[in-house]
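Asker: Sequence and predicted structure below; questions after.
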Amino acid sequence: MISNSNKTHIAITVIIFGFMAVFGLSNFLENEKPELPENYIDEDLSLQGKRLRGYAFGFEGLIADWYWMRSLQYIGDKVLKNKEKQTINLENLKPLNPKLLYPLLDNATTLDPKFLEVYSYGAIVLPAINSEQAIKITEKGIKNNPNEWRLYQHLGFIYWKLKDYQKAAEIYEKGSKLEGSPRFMKLMAAKMQNEGGSRGTARQIYEQMLLGAKDTQTKENAEIRLLELDSLDEREAIQKVLKTFKEKNGRCVNIWKEIFPLLQNVKLPSGKDFRIDRNGNIVDPTNIPYVLDKQKCKIELDFKNTKLPTQ
């Protein structure tokens, strides 16, 4: 007669070999599959991971990791494929049709409710796809991890993106009362009331996001948004100088060098300096020259070449 202990070992062995077989078969099918329609990847999940909770014999965390890695690969592949066809707008990823992202993240966090990186990623990326899903995954994180102030930070960020500054202020205020919460949370609660839509508030939010980023895409999103804010400050300052030059000289600037003396007296909000390339062009934060419209006395981004968001 087989003892209970041996039965358990046999069951675990069968499960492990079963998973190995499934992953092996998946790799084989991936390599041998025929050409499929582009949207085939966005069909319903073949495996509802959340149904495995309680039946995975302690392997829930491992399966959650698999769903997490798949979600990163899924959205990354979407971005790479579409970069060849069109410019990606980080504020609106709906054209990528990433409808599996939320189910993947939901599966991962159901299997492992303490998986904070998944909640954070969903809170940062999902607002550009579906705000309701972004709120849902973050509130799920707060329910499962009520003492994690970062989740309140993420939820406040989502409501800030929705321009619901009152709700954002309430969320930041709640998070600020948790143990270990930084002064930033209390500061944001106050700023949402008075300066929710300001560029300075946006800069503080993305700086904090960059500081706490634990995945590449969140970090890159925060970095590009900070560069975008730098560019907005630069263009606003340069536009004022172009206007001053025209009022004084009765014409538009012909070359950038004509306004260099005026720009020397300009202090940018970020504390940074203007950048000039070897050809005497003022360049944006991605080192692509700004475009000077000599007829309209205006400065613009080089929409074809800049790495900054253009929409």
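Answerer: Nice, I can see it. Numbering: from 1, shown residues only.

Asker: for the stretch 151-300 of the chain, what spans make up the helices?
Answerer: 165-176, 183-195, 199-212, 216-249, 260-263 (DSSP state H, counting those that start in this stretch).

Asker: Low-confidence ranges, the stretch 151-300 of the chain, go.
Answerer: Judged against pLDDT under 70, the stretch 151-300 of the chain has no low-scoring part.

Asker: N147 against S181, yeah?
Answerer: No: using CB atoms under 8 Å, N147 is not in contact with S181, being 9.8 Å away. Yep, even glycine has a C-beta here, placed from its N, CA and C like the rest.

Asker: Tell me which of these two has more neighbours.
Answerer: In this view N147 and S181 are compared by other CB atoms under 10 Å, and S181 has more residues nearby, 19 against 10.

Asker: Could you pull up the residues touching the more buried one?
Answerer: Shown in contact with S181 (CB atoms under 8 Å, 6 or more residues apart in numbering): 149, 152, 175.

Asker: nearest to L100, of the residues you listed?
Answerer: Using CB to CB, Y152 comes nearest to L100 of those, at 27.2 Å.

Asker: Against S176, how distant is that closest one?
Answerer: 8 Å (CB to CB, to the nearest Å).

Asker: Could you check which of these two is surrounded by more residues?
Answerer: Under the criterion of other CB under 10 Å, the comparison of Y152 against S176 puts Y152 first, with 25 against 21.

Asker: where's the more buried one relative to Q166, distance?
Answerer: Distance from Y152 to Q166, by CB to CB: 15 Å.

Asker: Then M185?
Answerer: 16 Å.

Asker: Which one's more surrounded, those two?
Answerer: Using other CB under 10 Å as the criterion, M185 and Q166 rank with M185 on top: 22 against 10.

Asker: Who are the contact partners of the more buried one?
Answerer: Going by CB under 8 Å, 6+ apart, M185 touches 149, 152-153, 172-173, 175-176.

Asker: ranking these by neighbours, who comes first?
Answerer: Within those, neighbour counts (other CB under 10 Å) peak at Y172, which reaches 28 neighbours.

Asker: Please tell me I have it right and that one contacts R183.
Answerer: No: the pair Y172 and R183 does not pass the contact test of CB under 8 Å, sitting 11.5 Å apart.

Asker: can you count the residues close to L80?
Answerer: L80 sits with 10 neighbouring residues when counted by other CB under 10 Å.

Asker: Look up how far M188 lies from it.
Answerer: 34 Å.

Asker: in stretch 286-299, what counts as buried?
Answerer: The neighbour-count check on stretch 286-299 (16 or more other CB atoms under 10 Å) flags 286, 288-292, 299 as buried.
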